[in-house]
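**Q** got a predicted structure here, sequence first:
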4 protein chains.
Amino acid sequence: MHFASDNTGPAHPQVMQALMDANDGYAMPYGVEEQMDRVRDRLRALFEAPDAAVYLVATGSACNALILATLGQPWQAIYCSEVAHIEEDECGAPEFFTGGAKLALVDAPDAMMVPGALRDRIARTDQGVVHGVQRGPVSLTTVTERGTVYGLDQIQALCGVAKDYGLPVHLDGARFANALVVGNHSPADMTWRAGVDAVSFGGTKNGLLGVEAAIFFNPAHAWEFELRRKRSGHLFSKHRYLSAQMLAYLQDDLWLDMARAANAACARLRDGLAKIDHVRLDHPSHANIVYCSFPRAAHVALKDAGAQFYSMDTLDGDGAQMVRARLVCDWSASDTDTDRFLDILAG
Amino acid sequence: MHFASDNTGPAHPQVMQALMDANDGYAMPYGVEEQMDRVRDRLRALFEAPDAAVYLVATGSACNALILATLGQPWQAIYCSEVAHIEEDECGAPEFFTGGAKLALVDAPDAMMVPGALRDRIARTDQGVVHGVQRGPVSLTTVTERGTVYGLDQIQALCGVAKDYGLPVHLDGARFANALVVGNHSPADMTWRAGVDAVSFGGTKNGLLGVEAAIFFNPAHAWEFELRRKRSGHLFSKHRYLSAQMLAYLQDDLWLDMARAANAACARLRDGLAKIDHVRLDHPSHANIVYCSFPRAAHVALKDAGAQFYSMDTLDGDGAQMVRARLVCDWSASDTDTDRFLDILAG
Amino acid sequence: MHFASDNTGPAHPQVMQALMDANDGYAMPYGVEEQMDRVRDRLRALFEAPDAAVYLVATGSACNALILATLGQPWQAIYCSEVAHIEEDECGAPEFFTGGAKLALVDAPDAMMVPGALRDRIARTDQGVVHGVQRGPVSLTTVTERGTVYGLDQIQALCGVAKDYGLPVHLDGARFANALVVGNHSPADMTWRAGVDAVSFGGTKNGLLGVEAAIFFNPAHAWEFELRRKRSGHLFSKHRYLSAQMLAYLQDDLWLDMARAANAACARLRDGLAKIDHVRLDHPSHANIVYCSFPRAAHVALKDAGAQFYSMDTLDGDGAQMVRARLVCDWSASDTDTDRFLDILAG
Amino acid sequence: MHFASDNTGPAHPQVMQALMDANDGYAMPYGVEEQMDRVRDRLRALFEAPDAAVYLVATGSACNALILATLGQPWQAIYCSEVAHIEEDECGAPEFFTGGAKLALVDAPDAMMVPGALRDRIARTDQGVVHGVQRGPVSLTTVTERGTVYGLDQIQALCGVAKDYGLPVHLDGARFANALVVGNHSPADMTWRAGVDAVSFGGTKNGLLGVEAAIFFNPAHAWEFELRRKRSGHLFSKHRYLSAQMLAYLQDDLWLDMARAANAACARLRDGLAKIDHVRLDHPSHANIVYCSFPRAAHVALKDAGAQFYSMDTLDGDGAQMVRARLVCDWSASDTDTDRFLDILAG
């Protein structure tokens, strides 16, 4: 019963096989191996963006921070949700990589920024006045940190606000695949056609060992990104092992199949949770994450049975002692585990 | 005929097998998986340093820069050889991670710092005078960037100079194993007993896919290192794949066997080169790297035959057009390739 | 009718005279001139802190940012009011000087942080968890950015919260004198006895040309501060002109006299405003700043008459078009101007 | 007998008077006061550069570092003399302001970079190769750190090398006036017509209390400079006192008169030194600095008589114990002092 995160499960066997296959003979280092040429071609085709600059790094924090440092300036604000991963879970990586930019937080019910709130926050910036930081990149996350997924119209609206102010947009797509399969949009529709300038295209949480692609739809900043990546220690010498993972990921829609499996597992879990009287769903669950609250006794039972998930103690409106839990499913989640979890929770 | 670098060959099959084995079921993320406990135990035992702080990252540049940022301060000098990897090949990573420290270069014939020159350079620093940067860490590399290996007495002498000034010592051990097997010293003798405070214990260039261990013999800075690692995007969520590589590396002396193989291949190459009249060895070759110069015609012949190595055009003392080449052997180097290379070069 | 800021008026004639007097003959540079010895002695005596480290810089932003960088770490949060000067008016100086620390904003009605809200914000930090920034300095401002002044008990309470978590406290005292004379406390009571670790002791807004003292009650970080000051270009070669200003400031209570004059002028203004029906006081005015709102027609009349102040358009609860104004008095404010301003505003 | 530096003497009385005059009534803060308009006009006219961006700061280190950060990028090299002030005497300010650029040192006999050596150093940079820092600004100093002054042809030649590589040129003109009057060139000839892109136009060492102008001949980076200045705490609120100093400086050629006085004083000193058998001139002295060596007994005599200057112990070619001294004259130097110094030294 492993619901702690989508980074605790195994990598997909096809990915492992690709790694083994890549380990044959000699290959040029630092991303000039031929596998990377194929990665670039595949991702450009997938995103219908023949000029896109495409790079691989091994962690999501690096991918986000490097993109933001490339899109913005040290004296700018980065607009993001008040619960954005870049704000809460990267130990100040954006501030470090940018040389001291400031994250400007936007109200975001269910972790989804509302265009009006984003517009207000941007408008409030002292643009053109030297005393305050200036307007900089907007950063969205989908699947969001609370398990919701932006609709296409919502991404378009948020990007529209950014464009009204001439600001670049970054999409933190650590769970890009999980979000994509919700609406069955094309990657292009969900990104550059909606107004996104650069995307962290995640693979680590969806069946890889550790690879994320940084994709800039406008390649103007490509060389700057390369220098920032090298200088921050994120350029791999034996880069072929990153490329090989990404190639396996994109082969025969493996990435979409894994995302659909994760989302389906989470839907089963969510539907089961919804049927239990003493469980409250805390946010809409659109993809592979569900937040819910339940009494502490149920929590104890789950933990005693070995269930793994992150939780925090809380109180409900009546002052009853509750536990708020985040449950995440990955591609390898099993119905057996889910059903057992629900049984124990139902008590 | 692959002599471009020890990062172009395959990972060792036992390492790949360990990766496959590690890909079983669920594991806690971010370095709290049980494999990392074993890595820590193994490295502490190997270095006879039961209190050492041990961390894994995926690139040598990250390992070096994170250690230097932890040992030093932004307003300090980092003393290193004029051809140190941290000076020439990391695109300013030490400056970035430290927040603007200054590399102070020390004369280093054959890439080996001489204690007297180090002492002079340290003494010349305006210590205690606010106008200049202050004294900071000393960083050594062995195997050096020119293929030489410090003797134990040399490491002790350089550390002794650092200790005279109360300065911490970092050892860039990207090729730690290749250096170690030269003198058959113990890891403890080559590091903390000689006065080294922290070491970049490399694996990537010696048969792994991409893992380096940062080892601090004094754990006082451990938590700072962890925060710096996270904040720079170098903490892996699926950390077990790093741990598994390192465990395989240390298992049954695989790391030493690979280093010995690489060094033996290079010795064969070096000895062959020494016998060719028109080839000059540019630096002593102690481990798995040899620098040599030869006429451009020989270079063309080698390239035409598909030999891979880094080179630069140069002139010899008589003004003849020569090529200066760096040749590197890894664990997988073949005698056949070496002999063929020598044959072509001999002409 | 100059109410734009307390940085638009003249320096006090005694300060100018001291500058002239200091311009005699030769003096050692960089803060080792004998005048600085006297500054140090005077400030230590004034604060009853014989071991305090005392430094001069020329701007408040530099003073705040240098202190915060010295007290904190790049991976920490700096807790401050949501309208703190360091958040809103320094263009990211704290982020720049610290190397990327994160400002964590605390609710602050009338710009005064409430201990409970501060405690909640600190408690919410993921201390000891590597994914989030860690707890760092608390920064208070008094006189606050909205014109209020913390009572001694409030400073004690806020410092008490910080101390509960082992955090250092910085006091942004750009208007230290104006705050001090409100309660007639001693400087020691208002700072270190209450729990403040370092203070930006402002002079620029209170009759100097441009001098602020950075005072650390614990001198442990003194040398680090000196290096940070030099390295950021804030160590003056002809430092005697800073020292001379500060000596004149402290001579015969000039600094207190000027603050009392400014506060008295502002009280006269505030009391006058309170008597005008169509004027609303937006925040309590404790010292030399008053925020108020009035109809736009009145604003036009004031501007036509040449009154200078910062304002923004706003709406009142009934949707009427109002102007929100910040009015600041300095030591040189004249009753004539104030009365004329009130007359015009009264209509 | 004050020869320690040109920052130990008094400011010129006309500058002090201008400060007094500026202290009249109210003035807008932060460089929008009308005096700054006049400063801008005067400097643009002086440099025959109607579009130049002109800013004031209070220290030379800030001026240099802010310009370099604006002209360059964090991943670039800054080429400068091996004894450049930015390398030796600013405690790493360029590294701090740029976010970790690397100073690349160029051989410079008598502190003057030779075009060939500059070209070699630039050529050696791994431009276009991601592993090394990239080519960035060239920074010259004149009067140099050893008292020499570049001829116009030398400045042109160095700028020509920079331009061959498309690199911007910064001129550290902490002693701009002292250099200018040597050749009686126009400011335009000595800067932008020769290829200089931005200049630190110093006033502090030549009779001001503390003001330097940063002048960009191409205003493209003006706004970036303003934000960097603010963010580093170098934007003065009571900016009129900086403007007033600069206006007095430029009025009726005061700045040139002071520089001529300083240079003349130094010439008298240098000529006197040249006549003393046991004194050796260490570098050509072109302006207001002279380096010389003399026996330690003479040094003792000078120090006993109260002479002030910086010195270091050294040995001459025969192993005799010598003292190497730097002697600097400012506008206020007196012939009496000079002659007395020479008398004592002659013994």
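**A** Here it is on my side, so go on. Predicted model, so just to flag it, every value in this text is computed and none were measured.

**Q** what strands line up against the helix or strand bottoming out on mean pLDDT in chain A, and which way round?
**A** Each helix and strand of chain A was given a mean pLDDT (mean pLDDT, DSSP states H and E); the minimum falls on strand A:310-315 at a mean of 92. Applying DSSP bridges to the sheet, strand A:310-315 is found paired with strand A:321-328 (antiparallel).

**Q** mean confidence score for the strand it pairs with?
**A** Here strand A:321-328 scores 96 as its mean pLDDT.

**Q** what's the answer for stretch A:92-99, then?
**A** Mean pLDDT, computed over stretch A:92-99, is 98.

**Q** toward the C-terminus, what is the element adjacent to the host helix or strand of residue A:162?
**A** Residue A:162 is part of helix A:152-164, with elements assigned from DSSP states H and E. Next along the chain after helix A:152-164, taking DSSP H and E as the criterion, comes strand A:169-173.

**Q** that next one packs against which elements?
**A** Packing partners of strand A:169-173 (3 or more C-beta pairs under 8 Å, 6 or more residues apart in numbering or on different chains; DSSP states H and E): helix A:60-71, strand A:134-141, helix A:152-164, strand A:198-202. C-beta here means a position set from N, CA and C on the backbone, and glycine is covered the same way.

**Q** the last one near chain B anywhere?
**A** No. Legend: contact between strand A:198-202 and chain B by C-beta under 8 Å from any C-beta of the partner chain is lacking; minimum distance shown is 10.6 Å.

**Q** I'd say residue A:235 and residue A:227 touch.
**A** No. The pair residue A:235 / residue A:227 is not scored as a contact, 9.6 Å apart, by C-beta atoms under 8 Å.

**Q** identify the contacts common to the two.
**A** Residues touching both residue A:235 and residue A:227 (C-beta atoms under 8 Å, 6 or more residues apart in numbering or on different chains): residue D:130.

**Q** contact partners for the closest residue to residue A:229 other than its chain neighbours?
**A** Distance criterion C-beta to C-beta, 6 or more residues apart in numbering or on different chains; nearest residue to residue A:229, sequence neighbours excluded, is residue A:235 at 5.1 Å. Counting by C-beta under 8 Å, 6+ apart, residue A:235 touches A:30, A:31, A:226, A:229, B:59, B:61, D:130.

**Q** go again with 10 Å.
**A** Counting by C-beta atoms under 10 Å, 6 or more residues apart in numbering or on different chains, residue A:235 makes contact with A:29-31, A:55-57, A:226-229, B:59, B:61-62, B:90-91, D:130-131.

**Q** now, those that are in helices?
**A** With DSSP state H as the criterion, helices contain A:226, A:227, A:228, A:229, B:61, B:62 from among these.

**Q** from residue D:73, how far out is the third one?
**A** Noted for residue A:228: a distance of 10 Å to residue D:73, by C-beta to C-beta, to the nearest Å.

**Q** repeat for the first one
**A** Counting by C-beta to C-beta, the separation of residue A:226 from residue D:73 is 13 Å.

**Q** the second one too?
**A** If you measure residue A:227 against residue D:73 using C-beta to C-beta, the figure is 8 Å.

**Q** picking up where we left off before, which SS class is the residue nearest to residue A:229?
**A** At residue A:235 the chain is in coil, as set by DSSP: H, G, I helix; E, B strand; the rest coil.

**Q** now swap in residue A:128 and tell me
**A** coil.

**Q** and the closest residue to it other than its chain neighbours, what does it touch?
**A** In space, residue A:128 comes closest to residue A:134 once its chain neighbours are excluded; the distance is 7.8 Å by C-beta to C-beta, 6+ apart. Applying C-beta under 10 Å, 6+ apart to residue A:134 gives the contacts A:72-73, A:75-77, A:101-102, A:125-128, C:91-92, D:223, D:227.

**Q** what sits against residue A:67?
**A** By C-beta under 10 Å, 6+ apart, the contact list for residue A:67 reads A:55, A:57, A:94, A:97, A:137, A:139, A:168, A:170-172, A:197-200, A:214-216, A:221, A:225, A:228.

**Q** just checking, residue A:328 touches residue A:3?
**A** Yes. Counting by C-beta atoms under 10 Å, residue A:328 does reach residue A:3; the two are 5.7 Å apart.

**Q** now do the shared contacts for these two.
**A** A:265, A:266, A:269, A:289, A:290, A:309, A:310.

**Q** now the most centrally placed residue in chain A: phi and psi?
**A** For chain A, the residue nearest the mean C-alpha position is residue A:174 (2.2 Å; C-alpha atoms, centre = their mean). Main-chain torsions, residue A:174, degrees, to the nearest 10: phi -50, psi -30.

**Q** how close does it get to chain C?
**A** As judged by C-beta to the nearest C-beta, to the nearest Å, residue A:174 and chain C stand 13 Å apart.

**Q** now that residue. Nearest residue, chain neighbours left out?
**A** residue A:202 is the one closest to residue A:174 (C-beta to C-beta, 6+ apart), at 4.0 Å.

**Q** residue A:187 now?
**A** Per C-beta to C-beta, 6+ apart, closest to residue A:187 is residue A:47, 4.9 Å.

**Q** how about the host helix or strand of residue A:241, does it reach chain D?
**A** Assessed by DSSP H and E, residue A:241 sits inside helix A:240-250. No. Helix A:240-250 stays out of contact with chain D when judged by C-beta under 10 Å from any C-beta of the partner chain, the minimum separation being 15.7 Å.

**Q** what is the subsequent helix or strand relative to that helix?
**A** Assigned by DSSP H and E, the successor of helix A:240-250 is helix A:254-274.

**Q** for that next one, packing partners?
**A** Packing contacts for helix A:254-274, counted by 3 or more C-beta pairs under 10 Å, 6 or more residues apart in numbering or on different chains; DSSP states H and E, involve helix A:13-22, helix A:176-183, helix A:240-250, strand A:280-281, strand A:289-295, strand A:321-328, helix A:335-346.

**Q** for the third one, packing partners?
**A** The reference is to helix A:240-250. helix A:13-22, helix A:34-46, strand A:53-57, strand A:212-216, helix A:254-274.

**Q** residues in chain A within reach of chain D, list them.
**A** Going by C-beta under 10 Å from any C-beta, the residues of chain A near chain D are A:30-31, A:69, A:73-76, A:97-100, A:128-134, A:223-224, A:226-231, A:235.

**Q** mind giving me the PyMOL select for these, buried ones only?
**A** Buried subset of those, written as a PyMOL selection, criterion 16 or more other C-beta atoms under 10 Å in any protein chain shown:
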select buried, chain A and resi 30+31+69+73+74+75+76+97+98+99+100+130+131+132+133+134+224+226+227+228+229+230+231+235
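
**Q** quick one: which of the shared contacts of residue A:328 and residue A:3 is nearest to residue A:334?
**A** Distance to residue A:334, by C-beta to C-beta, is smallest for residue A:265 among those, at 7.8 Å.

**Q** buried stuff in stretch A:255-274?
**A** For stretch A:255-274, the neighbour count (16+ other C-beta under 10 Å) marks A:255-270, A:272-273 as buried.

**Q** for it, give the mean pLDDT please.
**A** pLDDT averaged over stretch A:255-274 gives 98.

**Q** what helix or strand does residue A:87 sit in?
**A** Residue-wise, residue A:87 maps onto helix A:85-88 under DSSP H and E.

**Q** right, is the following helix or strand past that helix up against chain B?
**A** Next along the chain after helix A:85-88, taking DSSP H and E as the criterion, comes helix A:93-98. Yes. Shown here: helix A:93-98 in contact with chain B (C-beta under 10 Å from any C-beta) through A:93, A:94, A:95, A:96, A:97.

**Q** can you list those residues in CSV and add distance to residue A:316?
**A** CSV is the format used below for these (distance: C-beta to C-beta, whole Å):
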residue, distance to residue A:316
A:93, 35
A:94, 35
A:95, 36
A:96, 38
A:97, 40
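
**Q** most neighbours among those, which one is it?
**A** residue A:95 (32 neighbours; other C-beta atoms under 10 Å in any protein chain shown).

**Q** contacting residues around that one?
**A** Per C-beta under 10 Å, 6+ apart, neighbours of residue A:95: A:65, A:68-69, A:74, A:78, A:86, A:101-103, B:231, C:74-75, C:92, C:95-96, C:98-103, C:133.
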